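> 3D, please:
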Amino acid sequence: MFSIPGKQAVSITDRAAAQISKLMEKEGHTGLRIGVKKGGCAGMEYTMEYVDEADPNDETVEQDGARVMIAPMAQMFLFGTEIDYETSLLESGFKFNNPNVTDACGCGESISFKDVEELQAEQNAG
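Okay, the predicted model is just below:
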């Protein structure tokens, strides 16, 4: 697992925590699992899914009634990410302010990351 003792893998803004908590209550789920997968024009995409039970290998972050589980394969890519929820006239949705992203496509749905070895070195130095 890629973590630094005493530091959560991701942070959740108050707006995101409120939205996640509302979704959990409405849908009756335990939490929201976040991951990454290959795809999109920049190489990788974020994934989000409702979960009814945590995987023992998930990193769990809880805040103000919101529970986010980070899939094991995504932990090093998401470390240091702030999860926000934004509402505008045209769209509403979760936004990932991720310091590990090196490139993103115009739609904001697809991202690419620093080299895996570079990410590991940064986390070990932190």
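> so how many other residues sit close to Met69?
For Met69, the neighbour count with other C-beta atoms under 10 Å is 22. For glycine as for every other residue, the C-beta is placed from the backbone atoms N, C-alpha and C.
> for this protein, what's the longest helix?
If you go by DSSP state H, the chain has its longest helix at helix 14-27.
> Now do the buried residues in the helix or strand just after that one.
Once helix 14-27 ends, the next helix or strand along the chain (criterion: DSSP states H and E) is strand 31-38. Judged by neighbour count (16 or more other C-beta atoms under 10 Å), strand 31-38 contains these buried residues: 31-36.
> Run through who's touching strand 31-38.
Strand 31-38 has contacts (C-beta atoms under 8 Å, 6 or more residues apart in numbering) with 10, 20, 23-24, 44-51, 54-55, 58, 60, 66-71, 73-74, 77-78, 83.
> Following that strand in sequence, what is the next regular element?
Beyond strand 31-38 on the C-terminal side, the first helix or strand identified by DSSP H and E is strand 44-51.
> what distance separates that next one from the middle of the whole chain?
Remark: strand 44-51 is offset 8 Å from the chain centroid, using C-alpha atoms, centre = their mean, to the nearest Å.
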